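J.: structure of the sequence below:
(one chain, ligands or ions: 1)
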Amino acid sequence: MSRVCHTKFQIIKCTDDRSCNFENSGEDKLHLLLESDVYNRVHYAKLKFVEAMLKKYFVLSWFVIITALVVVITQWFPIIEKHAREKPPATVFSNADNANVEKPCTNDHVEWRDAQTIESVEIAAAPACEPDNPYTIATAVKGTNNVSMMTLMESHLAQDAVVMGKDLDGDGDPDEIHIKLEVVELNGFSPDGDYLMNTYNIAPGLQPSLWVFAPKMQGMAVKNFNSRVAHPLLRAPSPVIRVEQGDKVFITLENTHYLPHTIHLHGVDHPWLTAAGHDNDGMEEHAVFPGKQHTYEIQPRHAGTMLYHCHVQTAQHFMMGLNGMIIVEENAPNNWVQTFNIGAGQVRHSAVNVKKNYDQEYDLHYQSLDKQLTKIPQEANDPRLISQRMSRDYNMSESHENYFLLNGHSFPYTLRDAMIIAGENERIKLHIANLQRSPIAVHFHGHKATIMAYDGVDAPLGLQLTRDVFDISPAQRLDLSLTTQNDGLHSYGAGLWMFHDHVPTGTTTDGMEPGGNMAILAYKNLLDEQGMPKMHDELFNDVFNKEYYAKQRPIWANGDFANFFGDAGKVIPNYTELIAFCTVIGLLIGAFILTLRIYLQNKNHEKD
Ligand SMILES: [Cu+2]
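T.: From the prediction side, this is the model:
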């Protein structure tokens, strides 16, 4: 297509757009030029103009455009949120998917719950769903050297885990005790595959890596050949150790772990050096290396609730779980104490003087874990890397407490084994130790307990305070007397009374409630035949569910909550606003790209 054009310009030489030269040819000369040529010339002139403008105002113009863009985005971007404020979403009533609900009680060893006598050791009944192994208890009382092979095998303790020696004072109980502890990693990385080994769930689906002291055991660290689940003896917290006042106690740390550790006996009467002049205080400079062992020697003159913990890279190793209670019981005739209380808390064979004054006894170990710290052993398979990440990359001063445990479990698993189970008019002794990073404020619903000892030292009468909240700083211990006498002061009567750390984080798991160290002071008649509290099934369906702690479950998924509130449906956006918004943004981006192209094109022209 062509047409006649009048122009006062004549193309003298034109090889392409960039090399055209024009000269004034006078009014009398008319030339036919193709339309495209005219267009090219006009277009070129325009480009020159734009280029000049861009050069002059490029920064200014884009400052204006970007400012406009920011204004538009900040004004329009929250349209969905704005919409939710103006017009809340519809309610969705959905039946929760209960496919992942765990059985609240696994009933693995129902027979362990009964009161029984093994090897002439009287073991109290443990009504909770997951009782401790009574054979381990009997062996921990009598010593691995004083029980039958059958009991020893059932106890799963190693032959030299608790060896009882001579009765030095002739009062009918052994006074020379040899204890062996190992160090075990739970939920650690396996070099054999992409999975965790010695798994131990603190709550449904939650497997943070933990290090614990464990009594030296026989056999496999897992349940069986086909399982990666840790043997029940290997669990959090590190076991409570009980010895008698005046006993000569030898605690040997056999370091079965890949990093160096020690045992520091916090608050326990012990000389700085052993009889042979070796370290006895467990400081870092005397670390026990992997594969090595060291024996600490104590002969405590003072009874009370004390602690033991690792003192190598203390902050990290402590928070990984290498801490426990050591309780020195008052000296008494025929006082065979339960050397290990592994796990649940209830002392099923109390010392003589405790039995005289109390109906029951519990050890309550409060502990917290940092999600980041407890992930480190799962992300590397090299002790140097793990150490480097824990002590250099990880910053303890920026640490968090994400999981809160009572006796090694978070709610709802605390309902399986960490309940206090009471009858009416009982007197119960509680040993509470705060082994978490922050202070705790333990509160009992429906009860006021009385402080009997602070940090293992008996409280004088004036300091035997009766309270319903007990503030305990890190590493402190309180011995309490809890009575279930329904007098309106000590107890308000039978119930399923919750007890928990009243610091708001204490009842959460990774920020979600219910969780954390929530447990129940349950009156016996309010437990079902499995030893679980008679609570709404809906609650159990919600929390005995790994989806819940993976934050994949609706907030109110079951029962009355679900029927009343339902779940918030999707917020429907205002489509007109959304389309307009997208169009404007699209145009602005288009304009930017276009001008940038022109700018660059012309820059290239200049170069040529
Ligand atoms: Cu350590």
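J.: for the residue sitting nearest the centre point of the chain, give me the pLDDT.
T.: The centre of the chain sits closest to residue 403, judged by Cα atoms, centre = their mean, with a distance of 3.1 Å. For residue 403, the pLDDT comes out at 98.
J.: now it: closest residue in space that isn't a chain neighbour?
T.: The shortest distance from residue 403 to any non-neighbouring residue, by Cβ to Cβ, 6 or more residues apart in numbering, is to residue 369 (4.2 Å). Any C-beta I mention is one placed from the backbone N, CA and C, and that applies to glycine too.
J.: so that neighbour makes contact with residue 319?
T.: Yes. Counting by Cβ atoms under 8 Å, residue 369 touches residue 319, with 6.9 Å between them.
J.: one step back: for the residue nearest to residue 403, the count of nearby residues, please.
T.: Using other Cβ atoms under 10 Å, residue 369 has 25 other residues around it.
J.: dihedrals phi and psi, it?
T.: Backbone torsions for residue 369, taken as degrees, to the nearest 10, come to phi -130, psi 150.
J.: try residue 149
T.: With angles defined as degrees, to the nearest 10, residue 149 sits at phi -60, psi -40.
J.: ok, back up a step: and the residue nearest to residue 403, how close does it get to the ion?
T.: 15 Å (Cβ to the ion, to the nearest Å).
J.: spell out which parts of this protein neighbour the ion.
T.: By Cβ under 5 Å from the ion, the part of the chain that sits against the ion consists of 261, 310, 312, 317, 322.
J.: again, 8 Å this time
T.: By Cβ under 8 Å from the ion, the residues of the chain that approach the ion are 183, 211, 257, 259-262, 287, 310-314, 317, 320, 322.
J.: most surrounded residue in the residues you listed?
T.: Result: residue 310 is most packed of those (other Cβ under 10 Å), 29 neighbours.
J.: apart from its neighbours in sequence, what residue is nearest that one?
T.: residue 322 is the one closest to residue 310 (Cβ to Cβ, 6+ apart), at 3.8 Å.
J.: show me the contacts for that neighbour.
T.: Residue 322 makes contact with 183, 211, 212, 213, 238, 261, 309, 310 under the criterion Cβ atoms under 8 Å, 6 or more residues apart in numbering.
J.: let's see 10 Å
T.: Residue 322 makes contact with 183, 210-213, 237-238, 257, 261-264, 308-312, 314, 316, 435 under the criterion Cβ atoms under 10 Å, 6 or more residues apart in numbering.
J.: try residue 568
T.: Contact analysis of residue 568 by Cβ under 10 Å, 6+ apart lists 84, 88, 89, 90, 91, 92, 554, 555.
J.: quick check, pLDDT for it.
T.: Note on residue 568: pLDDT of 81.
J.: could you do residue 560 as well?
T.: On the pLDDT scale, residue 560 is placed at 80.
J.: helix/strand/coil for it?
T.: Under DSSP: H, G, I helix; E, B strand; the rest coil, residue 560 falls in the helix class.
J.: am I right that it is in contact with residue 566?
T.: No. Counting by Cβ atoms under 10 Å, residue 560 does not reach residue 566; the two are 11.3 Å apart.
J.: who has more neighbours, the two?
T.: For residue 560 and residue 566, the more surrounded residue by other Cβ under 10 Å is residue 566, and the numbers stand at 16 against 10.
J.: test my guess that that one contacts residue 92.
T.: Yes. With contact defined as Cβ under 10 Å, residue 566 counts as touching residue 92 (5.7 Å).
J.: anything in contact with each of the two?
T.: residue 554.
J.: show me what contacts the closest residue to the ion within the stretch 151-300 of the chain?
T.: Ranked by Cβ to the ion, the top residue of the stretch 151-300 of the chain for proximity to the ion is residue 261, at 3.3 Å. Listed by Cβ under 10 Å, 6+ apart, the contact set of residue 261 reads 181, 183, 211, 213, 253, 255, 282, 284, 287-290, 294, 309-313, 317, 322.
J.: how near is it to residue 267?
T.: As judged by Cβ to Cβ, to the nearest Å, residue 261 and residue 267 stand 19 Å apart.
J.: can you check residue 332 too?
T.: Separation of residue 332 from residue 267 (Cβ to Cβ): 21 Å.
J.: in stretch 423-434, what's buried?
T.: Within stretch 423-434, the residues scored as buried using 16 or more other Cβ atoms under 10 Å are 426, 428, 429, 430, 431, 432, 433, 434.
J.: restrict that stretch to CA atoms and write it as PDB.
T.: Extracted in PDB, the C-alpha atoms of stretch 423-434 (Å, rounded to 0.1, in the frame of the first residue of the first chain):
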ATOM      1  CA  GLY A 423      -8.100 -40.200  97.400                       C
ATOM      2  CA  GLU A 424      -9.900 -38.000  99.900                       C
ATOM      3  CA  ASN A 425      -8.200 -37.000 103.200                       C
ATOM      4  CA  GLU A 426      -4.800 -37.900 101.900                       C
ATOM      5  CA  ARG A 427      -1.500 -36.200 102.600                       C
ATOM      6  CA  ILE A 428       0.700 -36.100  99.600                       C
ATOM      7  CA  LYS A 429       4.400 -35.200  99.400                       C
ATOM      8  CA  LEU A 430       5.400 -33.300  96.200                       C
ATOM      9  CA  HIS A 431       9.000 -32.600  95.200                       C
ATOM     10  CA  ILE A 432       8.900 -29.900  92.500                       C
ATOM     11  CA  ALA A 433      12.000 -28.900  90.600                       C
ATOM     12  CA  ASN A 434      12.200 -26.200  88.000                       C
END
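J.: chain center to that stretch: distance?
T.: Taking the mean of its C-alpha atoms, stretch 423-434 sits 27 Å from the chain's own mean (Cα atoms, centre = their mean, to the nearest Å).
J.: then stretch 526-541?
T.: 25 Å.
J.: so which residues of this structure form helices?
T.: Applying DSSP state H to the chain gives helices spanning 35-76, 79-86, 134-142, 149-155, 314-319, 352-357, 376-379, 383-388, 414-417, 537-543, 546-549, 559-565, 575-607.
J.: would TSV of the ones you listed with distance to residue 116 be doable?
T.: Listed next are the helices of the chain as TSV, based on distance: least, Cβ to Cβ, whole Å:
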stretch	distance to residue 116
helix 35-76	71
helix 79-86	60
helix 134-142	6
helix 149-155	12
helix 314-319	36
helix 352-357	17
helix 376-379	38
helix 383-388	43
helix 414-417	18
helix 537-543	29
helix 546-549	34
helix 559-565	39
helix 575-607	70
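J.: which of the ones you listed sits most buried?
T.: Burial of those is given as mean neighbour count (mean count of other Cβ atoms under 10 Å); helix 134-142 ranks first at a mean of 27.
J.: what's the mean pLDDT across it?
T.: When pLDDT is averaged over helix 134-142, the result is 97.
J.: quick one: list the elements packing against it.
T.: strand 116-118, strand 121-123, helix 149-155, strand 162-164, strand 210-215, strand 240-244, strand 340-341 (3 or more Cβ pairs under 10 Å, 6 or more residues apart in numbering; DSSP states H and E).
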